[in-house]
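# Quick one, what's the 3D model for this:
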Amino acid sequence: MDIIIVLQCLSQCLDKTTLRQLSCMVPALLAMSGRVTMLGISRWTEPGGSYRTIQRFYNSTIAWAKVNWILIRHHLLDPTDTLLIGGDETVVTKAGQATYGLDRFFSSLYGKPVPGLSFFSLSLISVNQRTSYPVMIEQGLKEAEEKPAPQAGPKKTKKSAPKKGRPQGSRNKNRRQVELKPYLSRIQTMLTKLLALIGLDLKVVYCVLDGAFGHNYALQMVRQCSLHLISKLRADAALYLPYTGPQKKRGVRKKYGQKLDYAHPPEPYLQETTIEEGIQTTIYQMTLWHKLFPDQLNVVIIRKINLKTQAWAQVVLFSSDLNLAYPQLIDYYRLRFQIEFNFRDAKQFWGLEDFMNVNQTPVYNAANLAMFMVNLTQVLLGHFRPTCPTFSLNDLKAYFRGRKYVAETLKLLPQRPEPIFIDQIYAHIAQIGSINAA
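Prediction:
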């Protein structure tokens, strides 16, 4: 398989020098072992891929979103497929004090804030292929807390308790016109760039985010981009049935009905009941109000009950699209987890956890190169999986490492063997260290 042919489509967004550097680095990344750093990559490159060449690449200005999109569109995209936009954040642990953007961020893996870097990624999720293709990843910076300097003056007298009730002269706030926090504004900018990048050729309707975005600010952020949000609410979110009783002749019309009782959801909204290994799963779908959201929500409640102990738990999913059926809503939210596999591969194989760059541009390029390799390996795995469906990334690296060893060994021979014999050597050596042979 010729990597140069696969990368040739990038000539429309990369200059010749950058494309040549990338074409030199990709085979090294596929074949190398050990930590993925600039020095590690340079040790596995062909002649012409010195450390200085790698260093120049990391300090170049590259439009990674366009690079990823062209690769996805040319090699991975099916025009008849249904696509979602998925977003998630990952934290990369780092030591020292000099790395750009270094701070303490909460890591779900460790369950506490850790020193490191934060990156937010937007991906296109294929519903048919059940795969996520990362398009852009941006570094998140901790918002600076501005604390006013203490001023000398007379001692403050103890304030009296505030009066109960609503302050006089206050007005209702428009919950559709909200002021977004800096991190939401940054994500909205990314969404706008992504939609402009894919253009009108693809119609993307839904943006899928995890439970950290299950609030009105995130909903309005997504709706302002002409997308529908799919996310998760708290398991005990205060939801209300629409009011169906008589209305007053004067005054504001009543819209909040009875508060939803999670222990006894209304039976008319029951959609599905299944029992498997003593666990009963019931799915409810209903249109409900939440007092912090300006519009009704399409809510799907998934309850699981242990029939032996009667213990139960639930998940509350929601969407701003009131016409979305519950099977699609559940399936789309499940597909969001495919982004986690992108982060896992980028950290384990492509250097998202290993890079030792400290300046802003090299850090940005190191993170984006790792996510670019996730897309590129999807293209390469597509050549092997028709004949070996279980072919994995470990097998892919073993394949290219074996070919690297064979190519270097053949250079030392006084006379080059016959092409048929060379192919047999490649096929045999490429299987060493692999789990599933191609």
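# Can you give me the neighbour number for His383?
Neighbour count for His383, taken as other C-beta atoms under 10 Å: 13. Using the backbone N, CA and C atoms, a C-beta is placed for each residue, glycine as well.
# Show me what the host helix or strand of it is packed up against.
If you go by DSSP states H and E, His383 is part of helix 360-384. Judged by 3 or more C-beta pairs under 8 Å, 6 or more residues apart in numbering; DSSP states H and E, the packing partners of helix 360-384 are helix 3-7, helix 16-31, helix 51-58, helix 64-71, strand 112-126, strand 131-140, helix 338-348, helix 393-410.
# Now the element after the second one, going C-ward?
Of the helices and strands lying after helix 16-31 in sequence (DSSP H and E), the nearest is helix 38-44.
# Centre of the chain to that following helix, how far?
28 Å (C-alpha atoms, centre = their mean, to the nearest Å).
# Equivalent analysis for stretch 20-36, please.
When C-alpha coordinates are averaged (C-alpha atoms, centre = their mean), stretch 20-36 and its chain have centres 24 Å apart.
# ok, and what's touching it?
3-4, 7, 10, 14, 40-46, 48-49, 53-54, 56-57, 60, 349-351, 354-355, 369-370, 373, 376-377, 380, 396-397, 400-401, 403-404 (C-beta atoms under 8 Å, 6 or more residues apart in numbering).
# picking up where we left off before, dump the helices and strands packed on helix 360-384 into TSV; add mean pLDDT as well.
Converted to TSV, these look like this (pLDDT from 0 to 100):
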stretch	mean pLDDT
helix 3-7	89
helix 16-31	94
helix 51-58	95
helix 64-71	95
strand 112-126	95
strand 131-140	95
helix 338-348	95
helix 393-410	87
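# List the buried residues of stretch 379-392.
379-380, 384, 391 (16 or more other C-beta atoms under 10 Å).
# any idea which of those residues is closest to Lys255?
Val379 (51.0 Å; C-beta to C-beta).
# Could you pull up the residues touching that closest one?
Val379 touches 6, 71, 75-76, counting by C-beta under 8 Å, 6+ apart.
# Now stretch 307-314: average pLDDT?
For stretch 307-314, mean pLDDT rounds to 91.
# And for stretch 201-216?
For stretch 201-216, mean pLDDT is 92.
# Now do it: everything it contacts.
So stretch 201-216 is contacted by 77, 79, 83-89, 124-125, 175, 178, 191, 195, 198, 218, 222, 225, 227-234, 237, 292-294, 318-319, 321, 324, 332-333, 335-336 (C-beta under 8 Å, 6+ apart).
# just for the stretch 151-300 of the chain, where's the confidence low?
The stretch 151-300 of the chain contains residues with pLDDT under 70 at 151-161.
# In ChimeraX, how would I select the buried members of the contacts of stretch 20-36?
In ChimeraX, this line selects whichever of these come out buried by 16+ other C-beta under 10 Å:
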select :3,7,10,14,40,41,42,44,45,49,53,54,57,60,349,350,351,354,355,369,370,373,376,377,380,396,397,400,401,403,404
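# picking up where we left off before, please, a PyMOL command that selects the buried ones among the contacts of stretch 201-216?
Filtering these down to the buried ones (16+ other C-beta under 10 Å) takes a single PyMOL command:
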select buried, resi 77+83+84+85+86+87+88+89+124+125+178+191+195+198+218+222+225+227+228+229+230+231+232+233+237+293+294+318+319+321+324+332+333+335+336
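# Cross the contacts of stretch 201-216 against helices and list the overlap.
191, 195, 198, 218, 222, 332-333, 335 (DSSP state H).
# Dump stretch 194-206 to PDB, restricted to CA.
Extracted C-alpha coordinates of stretch 194-206, given in PDB (Å, rounded to 0.1, in the frame of the first residue of the first chain):
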ATOM      1  CA  LEU A 194     -17.200  23.200  10.800                       C
ATOM      2  CA  LEU A 195     -20.600  23.900   9.200                       C
ATOM      3  CA  ALA A 196     -18.900  26.400   6.800                       C
ATOM      4  CA  LEU A 197     -16.200  23.800   5.900                       C
ATOM      5  CA  ILE A 198     -18.600  21.000   5.000                       C
ATOM      6  CA  GLY A 199     -20.800  23.500   3.100                       C
ATOM      7  CA  LEU A 200     -24.200  22.700   1.700                       C
ATOM      8  CA  ASP A 201     -23.300  19.300   0.200                       C
ATOM      9  CA  LEU A 202     -24.100  17.500   3.500                       C
ATOM     10  CA  LYS A 203     -27.100  18.200   5.600                       C
ATOM     11  CA  VAL A 204     -26.200  17.800   9.200                       C
ATOM     12  CA  VAL A 205     -29.100  18.200  11.600                       C
ATOM     13  CA  TYR A 206     -28.000  17.000  15.000                       C
END
